[in-house]
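Novice: the following comprises the amino acid sequence and a computationally predicted model.
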Amino acid sequence: MPEKAPFRRVLVKLSGEALAAPDGYWLHPPTLASLAEDIASTIRHGFEIAVVVGGGNMIRGARISQAGWIDRATGDSLGMMATVMNSLAIETALNAAGVAARTMSAVSMPTICETFARQPALHHLDKGQVVVLAGGTGNPYFTTDTAAVLRAAELRCDAVLKATQVDGVYSADPKRDPNARRYDRLSHDEAIARDLKIMDTAAFALARESRLSIVVGSLHPPSSVTAILTGDAPSTLVAP
Ligand SMILES: Nc1ncnc2c1ncn2[C@@H]1O[C@H](COP(=O)(O)OP(=O)(O)OP(=O)(O)O)[C@@H](O)[C@H]1O
Ligand SMILES: O=c1ccn([C@@H]2O[C@H](COP(=O)(O)O)[C@@H](O)[C@H]2O)c(=O)[nH]1
């Protein structure tokens, strides 16, 4: 059991950009290896980990459909497939780091990975394996933030950790507003009412309904998934 953290089973939401080179797109093997080592360290600290990864290093359906050559639903299908590619890359890096990991996709691809089903996923987690949940919710017009909250609720996680580019939730986007101030803690109601765009409203609303805590922190050193979960790096807690 972790010493400082009040959580044991945590769903880690990684943005797709977390898998890319600092100034690039696609997949960056050294970045993947260091991410896998970070997750391996959380397991040594006693956490049980599920992972959802976004697709922003490859495709976002809303963005590519804006150009007009592809409709939104098809663009979102491409985005969901990007998350499967990212998930398989993380699974590979985790296995190389000595962590048993398996990808389960909401979009059925039986020759490539398991299809997501709740009971087998719970079984894998109970055995201490990392479950990498691919394909978002399996439906267009959603995001992987919403998928993360959905799966965390289904898989009895204690919290979602959104590991991202910034070290918490701010009063405004800190990349745009230098006067934005960071919250240590706020409620789901406050996050929704203040339209704090760190996660989409659907994700916050589902977390509120499921009474699920969301922790937001940075992936950039000296912060890390492990440091956030052990309380050794700053973060914001969104909780009832
Ligand atoms: N109120 C806010 N507090 C903190 N960050 C904010 C806020 N509003 C917007 N942001 C921005 O949100 C970004 C976090 O979103 P991030 O790119 O990690 O997720 P994402 O868009 O879900 O990624 P992906 O699509 O790859 O999963 C931060 O980099 C930050 O600039
Ligand atoms: O449930 C979902 C989740 C995701 N998508 C599509 O995938 C991309 C990538 O996900 P991000 O959360 O933006 O990183 C997203 O833009 C959607 O196009 C989806 O359709 N359904």
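Specialist: Cool, the structure landed. Numbers count the residues shown, from 1 in each chain. Ligands and ions are numbered 1, 2, ... in the order given.

Novice: and the longest helix along the chain, what's buried?
Specialist: The longest helix of the chain (DSSP state H) is helix 72-96. Residues 75-94 are the ones in helix 72-96 that count as buried (16 or more other Cβ atoms under 10 Å). In this view, the C-beta of every residue, glycine as well, is placed from N, C-alpha and C.

Novice: what about stretch 205-222, average pLDDT?
Specialist: Mean pLDDT, stretch 205-222: 97.

Novice: just the buried positions in stretch 232-240, please.
Specialist: So for stretch 232-240, counting by 16+ other Cβ under 10 Å, buried means 233, 235, 236, 237, 238, 239.

Novice: make that stretch 211-220, sorry
Specialist: Buried, per 16+ other Cβ under 10 Å, within stretch 211-220: 212, 213, 214, 215, 216, 217, 218, 219.

Novice: quick one on the thing from earlier: which of the buried residues of stretch 232-240 fall within strands?
Specialist: Mapping the buried residues of stretch 232-240 onto strands (DSSP state E) picks out 235, 236, 237, 238.

Novice: returning to that earlier point: of the buried residues of stretch 232-240, which ones also sit close to ligand 1?
Specialist: Among the buried residues of stretch 232-240, no residue is within reach of ligand 1 (Cβ under 6 Å from any ligand atom).

Novice: output these as CSV; include the columns distance to residue 22 and pLDDT.
Specialist: What follows is the buried residues of stretch 232-240, written out as CSV (distance: Cβ to Cβ, whole Å; pLDDT from 0 to 100):
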residue, distance to residue 22, pLDDT
233, 19, 97
235, 21, 97
236, 24, 98
237, 28, 97
238, 27, 97
239, 32, 96
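
Novice: so which of those residues is the closest to residue 68?
Specialist: Using Cβ to Cβ, residue 238 comes nearest to residue 68 of those, at 36.4 Å.

Novice: quick one: contacts for the closest one?
Specialist: 169, 185, 186, 187, 188, 191, 204, 207, 213, 214, 215, 216 (Cβ atoms under 8 Å, 6 or more residues apart in numbering).

Novice: that one and ligand 2, how far apart?
Specialist: 18 Å (Cβ to the nearest ligand atom, to the nearest Å).
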